[in-house]
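# Structure for this input, please:
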Amino acid sequence: METKQDTLIYIWDAYCGWCYGFSESIRGFYKNHPEIPLTVLSGGLFLDNLPIKKFSYISEGNKRINQLTGAEFGPSYQALLSEGTFTMNSKDAAIGFSALRSLAPNRLLEFTSAMQKAFYYNGKSLSDPETYRKIAIDHHLDPEQVLERLKSQETIIDVQNDFNTVQQLGINSYPSLLLHKDNQLITIGGGVMTSDKIEARFKDCY
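Numbering: from 1, shown residues only. Modelled structure (predicted):
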């Protein structure tokens, strides 16, 4: 990525539980640095249309995420996890995020959090257009515009560009927060890091 200005790049997946746990940390950190441009890229974690019961590690992983970050998994999500047939489709989620992002590109972390809450707390599918209708209304966007963007070829291309960029960056661990500085990419956040730890690592770069 060619740029003279320092930028932050956040790579996430809406169906990544660790990204859900990281949500408050990145929002807390970025609240102190709104002057730095932020790019948020979808990584494409679940693309095989397998039922959630196939991922036996998720339940234990959620317990760890809760213990380490305090992120709460709501009863509707827990019921969905127990039932087991729900399919996580990261491409659909990335399309939803792209649709929201296209209408308000300065509110990216609001949208990542809203999508995570919809799934991990309220048990809503991120493949369902109605999920984005509600997010749009809650965030004072035109819901019909958002729904139209879900079907747009431009949105499909945008998502593929996200996936390609993440692959080119060589990132396969989510969440990853990178600082692009002096034509170098420096990892400054991820996993269960608190906003204070991200801040400390960020300051080490200057």
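# Extract the residue ranges of this protein that are flagged as low pLDDT.
1-4 (pLDDT under 70).
# do that again at 50, thanks
Residue ranges of the chain with pLDDT under 50: 1-3.
# Which parts of it are strands?
Per DSSP state E, the chain carries strands over the ranges 7-12, 38-42, 176-181, 184-190.
# Which among those is found nearest to Ser25?
strand 184-190 (7.0 Å; CB to CB). For the C-beta atoms, the positions are set from N, CA and C on the backbone; glycine is no exception.
# List the buried residues for the closest one?
By 16 or more other CB atoms under 10 Å, the buried positions in strand 184-190 come out as 185, 188-190.
# For it, give me every contacting residue.
9, 22, 25-26, 29, 169, 173-180, 197-198, 201-202, 205 (CB atoms under 8 Å, 6 or more residues apart in numbering).
# Could you check how far stretch 82-93 is from the centre of its chain?
Centroid separation between stretch 82-93 and its chain, computed with CA atoms, centre = their mean, to the nearest Å, is 15 Å.
# picking up where we left off before, can I get the buried residues of strand 184-190 in a markdown table with distance to Asn122?
Output for those, formatted as a markdown table (distance: CB to CB, whole Å):
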| residue | distance to Asn122 |
| --- | --- |
| Leu185 | 35 |
| Ile188 | 31 |
| Gly189 | 26 |
| Gly190 | 26 |
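# nearest to Pro51, of these?
Gly190 (27.8 Å).
# contacting residues around the residue nearest to Tyr10 when sequence neighbours are not counted?
Residue nearest to Tyr10 in three dimensions, not counting chain neighbours: Val40, with 4.8 Å by CB to CB, 6 or more residues apart in numbering. Counting by CB under 8 Å, 6+ apart, Val40 touches 9-12, 97, 101, 108-109, 112.
# who wins for most neighbours among those residues?
Trp12 (30 neighbours; other CB atoms under 10 Å).
# That one contacts Tyr174, doesn't it?
Yes - using CB atoms under 8 Å, Trp12 is in contact with Tyr174, at 5.6 Å.
# ok so, going back, would you show me how to pick out the buried ones of the contacts of strand 184-190 in ChimeraX?
The buried residues among these can be selected in ChimeraX (16+ other CB under 10 Å) with this line:
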select :9,22,25,26,29,169,174,175,176,177,178,179,180,198,201,202
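# Next, the buried residues of stretch 65-74.
Here stretch 65-74 shows 65, 69, 71, 73 as buried, counting by 16+ other CB under 10 Å.
# Tell me how many other residues crowd the closest residue to Asp138 other than its chain neighbours.
Spatial nearest neighbour of Asp138, chain neighbours left out: Ala114 (6.8 Å); criterion: CB to CB, 6+ apart. Around Ala114 there are 19 other residues, counting by other CB under 10 Å.
# ok, now Tyr206?
7.
# State the distance from it to Leu45.
32 Å (CB to CB, to the nearest Å).
# the inter-axis angle of the helix ranked longest in the chain versus strand 7-12?
Looking across the chain with DSSP state H, the single longest helix is helix 153-169. When axes from the mean of the first three to the mean of the last three CA atoms, to 10 degrees is applied, the directions of helix 153-169 and strand 7-12 differ by 100 degrees.
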